[in-house]
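> Build me a model:
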Amino acid sequence: MNALLAFGAALLALRLAGAIARRWRKTRRPELAAWAWSLTAYAVAAAAIAWGEAAQWDARAFRVYYAAGALLTAPLLGCGSLLLAGVRRAQALGLAYAGLAVGVALAVPVHGAFAAHGIPPAQDHLAFLPARLLAIVANAAGTLAVVVVAIRSLRRRPVGNTLIVLGVAAAAIGSGVAGLGAGGAAIGIAVGAVLLYAGFTFSSRPAPRPSP
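Next up, the predicted model:
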């Protein structure tokens, strides 16, 4: 059941990422590209949970899950928020960070035995440096960027920004609380993906022109 829930969450997140990507193709707005990649990473994290629950967790499934869920999702969300706020340097910074995160995820040693089911705690399988420290710093920075941009533009986009913040909270709960188990994490990912998509699409609507 956990594998099915995670697989369904992966399909949902990937479907929503595709919808955001189509909006980017029409508008070429850089924040939409960052958000699409963030939801894609979210989908990959959910797919890794399905992989681990169906075939038993090992270093490969854990490495994919950690790269997508712990290292990429929140930082790319923050990159999209900064781009929405007009910080164009965030695009190059996001690309550089994504390359660094993928490199760390591929190179870092993974140790310890894995349980057959349940999302493996990072502290049991990864050293603090560099992977866990990078995840802590990058997730904190990405979440801070989302919250700060949302608060600064709350009057202009109250509904969209509130949905994005709620989506980030659901993502943090679904990905970070091991006590929920794989099924609870999958549900959190699905809820987070829906909230984020709703916030992205609402925030990307053009503001109505004032009446003369």
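> drop to CA atoms for contacts and neighbour counts, all remaining ones
Will do.
> ranges for the strands of the chain?
For the chain, no strands are identified by DSSP state E.
> Which neighbouring elements make contact with the lowest-mean-pLDDT helix or strand in it?
Sorting the helices and strands of the chain by mean pLDDT, DSSP states H and E puts helix 158-176 at the bottom, at a mean of 81. Judged by 3 or more C-alpha pairs under 8 Å, 6 or more residues apart in numbering; DSSP states H and E, helix 158-176 is in contact with helix 133-152, helix 181-203.
> Please identify the most buried of these.
Here the criterion is mean neighbour count by mean count of other C-alpha atoms under 10 Å, and of the helices and strands packed on helix 158-176 the winner is helix 181-203, at a mean of 23.
> so what does that helix touch, helix or strand wise?
Counting contacts by 3+ C-alpha pairs under 8 Å, 6+ apart, helix 181-203 packs against helix 2-27, helix 30-55, helix 158-176.
> most packed of the ones you listed?
Of all the helices and strands packed on helix 181-203, helix 30-55 has the most neighbours on average by mean count of other C-alpha under 10 Å, namely a mean of 26.
> Quick one: mean pLDDT over that one.
Here helix 30-55 scores 95 as its mean pLDDT.
> Which strands or helices does it pack on?
Counting contacts by 3+ C-alpha pairs under 8 Å, 6+ apart, helix 30-55 packs against helix 2-27, helix 59-65, helix 73-84, helix 181-203.
> Out of those helices, name the one with the poorest average pLDDT.
Mean pLDDT is lowest for helix 181-203 out of those, coming in at a mean of 85.
> Contacts for that helix, please.
Residues outside helix 181-203 that contact it (C-alpha atoms under 8 Å, 6 or more residues apart in numbering) are 1-3, 5-6, 9-10, 12-13, 16, 20, 32, 35, 39, 42, 46, 49, 53, 117-119, 157, 159-171, 173-175, 177-178.
> Next one: the residue nearest the centre of the chain from Ala116, what distance?
Most central in the chain under C-alpha atoms, centre = their mean is Thr73, positioned 2.4 Å from the mean C-alpha point. Distance, Thr73 to Ala116, using C-alpha to C-alpha, to the nearest Å: 25 Å.
> swap in Ala141?
Using C-alpha to C-alpha, one gets 33 Å for the distance from Ala141 to Ala116.
> Then Leu84?
Distance, Leu84 to Ala116, by C-alpha to C-alpha: 42 Å.
> ok, these two, which is more surrounded?
Leu84 (19 against 14; other C-alpha atoms under 10 Å).
> which residues touch the more buried one?
Residues near Leu84 by C-alpha under 8 Å, 6+ apart: 30-31.
> So it versus Ser153, what's the distance?
10 Å.
> Likewise for Ala127?
Counting by C-alpha to C-alpha, the gap from Ala127 to Ser153 is 39 Å.
> would you put the C-alpha positions of the least confident helix or strand of the chain in CSV?
Output in CSV follows, covering the C-alpha atoms of helix 158-176 (Å, rounded to 0.1, in the frame of the first residue of the first chain):
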residue,chain,number,x,y,z
PRO,A,158,-2.7,36.9,-0.9
VAL,A,159,-4.3,33.6,-2.0
GLY,A,160,-1.4,32.4,-4.2
ASN,A,161,1.3,33.1,-1.7
THR,A,162,-0.7,31.5,1.1
LEU,A,163,-1.1,28.4,-0.9
ILE,A,164,2.6,28.3,-1.7
VAL,A,165,3.6,28.6,2.0
LEU,A,166,1.1,25.9,2.9
GLY,A,167,2.5,23.7,0.2
VAL,A,168,6.0,24.2,1.5
ALA,A,169,4.8,23.2,5.0
ALA,A,170,3.2,20.1,3.6
ALA,A,171,6.4,19.3,1.8
ALA,A,172,8.4,19.7,4.9
ILE,A,173,6.1,17.5,6.9
GLY,A,174,5.8,14.8,4.2
SER,A,175,9.5,14.6,3.5
GLY,A,176,11.0,15.4,6.9
